[in-house]
Each structure stands twice: as C-alpha cells, then as structure tokens.
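A.B. asks: what follows is a predicted protein model with its sequence.
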Amino acid sequence: MSRNAKIAAGGVAAGLILMIWLPWWAAMLIILGVPTAAYLTLDESQRRRLRRVSRKELGR
C-alpha cells in the first residue's frame with residue numbers, strides 16, 4: 001500500500017469514528033475545516049505551486 005493510500009485510509013477511518021462519536025454537523029465541520037485551515041496557512045507561492053501540481057495531475 002502506498003503512502004498516500006495509507007493516509008487516505010486513515011482519514012476515512014478517522015471520519016467514520018467522528019461521525020459516530022460526534023453529531024453529524026460537528027464531524028462535517030472538522031472534516032472540512034482542517035484541510036481549509038491547512039490551505040489558508042500556506043504562503044501564496046505555496047498555494048500557486050499546489051494549484052499547478054493539482055492541474056498537472058488532472059491532465060490539463
């Protein structure tokens with residue numbers, strides 16, 4: 001299993017545990033808020049680089 005697959009599997013497991021343990025709206029707030037907060041902490045050049053890499057992976 002690749003590193004990214006392990007991270008994705010861990011994220012899914014954490015999401016399922018949160019959905020059971022917390023009310024659905026609180027779990028969704030955490031699931032959506034953490035990546036958003038991480039993106040907002042990036043420097044502008046890092047955001048630009050991330051967008052460029054994402055477009056390349058999509059084949060644009």
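C.D. replies: Arrived safely, thanks for sending.
A.B. asks: make it CA atoms for all contacts and neighbour counts henceforth
C.D. replies: Will do.
A.B. asks: contacting residues around the lowest-mean-pLDDT helix or strand in the chain?
C.D. replies: Taking mean pLDDT, DSSP states H and E as the measure, the chain has helix 44-58 as its least confident helix or strand, at a mean of 81. Residues from elsewhere that reach helix 44-58, judged by CA atoms under 8 Å, 6 or more residues apart in numbering: residue 39.
A.B. asks: what's the burial count for residue 28?
C.D. replies: Residue 28: 14 surrounding residues under other CA atoms under 10 Å.
A.B. asks: for the protein, give me the ranges with low pLDDT.
C.D. replies: 55-60 (pLDDT under 70).
A.B. asks: 80 - rerun?
C.D. replies: 1, 4, 18-19, 27, 31, 54-60 (pLDDT under 80).
A.B. asks: would you map the helices across it?
C.D. replies: 3-21, 24-40, 44-58 (DSSP state H).
A.B. asks: centre-most residue in the chain?
C.D. replies: Nearest residue to the geometric centre of the chain (CA atoms, centre = their mean): residue 35, 4.5 Å.
A.B. asks: that one and residue 1, how far apart?
C.D. replies: 23 Å (CA to CA, to the nearest Å).
A.B. asks: again with residue 51
C.D. replies: As judged by CA to CA, residue 51 and residue 1 stand 26 Å apart.
A.B. asks: okay, those two: which has more neighbours?
C.D. replies: Using other CA under 10 Å, the more surrounded residue of residue 51 and residue 1 is residue 51, with 11 against 5.
A.B. asks: what about residue 27, how many residues nearby?
C.D. replies: Neighbours of residue 27 using other CA under 10 Å come to 19.
A.B. asks: measure it to residue 8 for me?
C.D. replies: 17 Å.
A.B. asks: what's the answer for residue 25, then?
C.D. replies: In terms of CA to CA, residue 25 sits 21 Å off from residue 8.
A.B. asks: which of the residues in stretch 6-21 are buried?
C.D. replies: 15, 18, 19 (16 or more other CA atoms under 10 Å).
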